[in-house]
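**Student:** what's the 3D shape of this:
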Amino acid sequence: LLVSIVKRNAGRPRPAVTMMLDGYADAPDQFSFPSGHSSAALSVAISIAVLFPAIAVPVLCLAVLTGVSRVVIGVHYPGDVVAGQLISILIAALVFR
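**Tutor:** Numbering: from 1, shown residues only. Below you'll find the model as predicted:
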């Protein structure tokens with residue numbers, strides 16, 4: 001919910017639009033900041049890591065790679081990914097304290 005609110009209010013266009021490039025994938029919507037996929041992946045990974053600490057490292061690595069992939073395919077800027085992941089960390093800190 002927080003990602004959607006920030007995304008709609010920030011209204012930052014995606015890299016493919018501002019740089020007039022073709023991305024490797026179709027963007028799910030027109031706004032880039034913050035990355036919803038990165039936020040969702042890290043939220044799930046943190047939850048799994050808390051419940052199953054033995055697999056925390058690989059699951060968290062996969063979540064980070066999800067963020068990297070969003071930049072590589074051209075649908076997000078690096079800052080979008082970091083912002084989405086920071087939102088997940090903030091929410092997790094509130095939920096799992």
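**Student:** element containing the residue nearest the centre of the chain?
**Tutor:** For the chain, the residue nearest the mean C-alpha position is S38 (1.8 Å; C-alpha atoms, centre = their mean). Counting by DSSP states H and E, the element that carries S38 is helix 36-51.
**Student:** quick one: mean pLDDT for that helix?
**Tutor:** The pLDDT scores in helix 36-51 average 94.
**Student:** how about the CA coordinates for the helix or strand following that helix, as CSV?
**Tutor:** Downstream of helix 36-51, the next assigned helix or strand under DSSP H and E is helix 56-72. Taking Å, rounded to 0.1, in the frame of the first residue of the first chain, the C-alpha atoms of helix 56-72 are listed here in CSV:
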residue,chain,number,x,y,z
ALA,A,56,17.7,-16.5,5.2
VAL,A,57,20.9,-15.7,3.2
PRO,A,58,19.9,-17.4,-0.1
VAL,A,59,16.3,-16.0,0.1
LEU,A,60,17.5,-12.5,0.8
CYS,A,61,20.1,-12.7,-2.0
LEU,A,62,17.3,-13.7,-4.4
ALA,A,63,15.3,-10.7,-3.3
VAL,A,64,18.2,-8.4,-3.9
LEU,A,65,18.8,-10.0,-7.3
THR,A,66,15.1,-9.3,-8.1
GLY,A,67,15.8,-5.6,-7.6
VAL,A,68,18.9,-5.8,-9.8
SER,A,69,17.0,-7.5,-12.5
ARG,A,70,14.5,-4.6,-12.5
VAL,A,71,17.3,-2.2,-13.4
VAL,A,72,18.9,-4.6,-15.9
